[in-house]
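Trainee: Sharing a model that was predicted from the sequence below.
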Amino acid sequence: MCQPQVRYAEVAKLDAVDEIVQKYLGSKFGDALEDVSKAMLELAKSLPPSQLAEKAYTLYEKFRPEIPPGKKGWGASGKLELDLIRKMASA
């Protein structure tokens with residue numbers, strides 16, 4: 001049986017990671033974060049977990065933003081098309 005203090009420590013660590021992730025995502029998506037989160041969750045829920053795990057990168061390749069000419073790499077900003085993500089979720 002798990003000791004309560006160990007379980008609390010695990011939850012506290014997850015909360016700290018979640019706070020860091022939320023802060024990072026907020027810095028990238030700003031006021032659109034809630035809409036982005038809803039669209040992504042809708043897409044994730046449209047597939048059984050095993051299929052989502054199998055298709056995650058392929059899905060990402062379909063909706064990832066285009067990188068503007070002259071920009072390279074993961075740091076480049078692009079426009080995320082939420083309508084496309086929602087359409088993928090309903091397909």
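Mentor: Arrived safely, thanks for sending. Residues are numbered from 1 along each chain as shown.
Trainee: Low-confidence ranges, the protein, go.
Mentor: For the chain, applying pLDDT under 70 flags the ranges 1-12, 73-75.
Trainee: The most centrally placed residue in it sits in which helix or strand?
Mentor: Geometric centre of the chain, nearest residue: residue 40, 6.1 Å, by CA atoms, centre = their mean. Under the criterion of DSSP states H and E, residue 40 resides in helix 33-45.
Trainee: Same question for residue 54.
Mentor: If you go by DSSP H and E, residue 54 is part of helix 49-63.
Trainee: And that helix, how far out from the chain middle?
Mentor: 12 Å (CA atoms, centre = their mean, to the nearest Å).
Trainee: neighbouring contacts of that helix?
Mentor: 43, 44, 47, 80, 81, 84, 85, 88 (CB atoms under 8 Å, 6 or more residues apart in numbering). Placement of C-beta: from N, CA and C, glycine included.
Trainee: With adjacent residues omitted, what lies nearest to the second one?
Mentor: Spatial nearest neighbour of residue 44, excluding adjacent residues (CB to CB, 6 or more residues apart in numbering): residue 52 at 5.9 Å.
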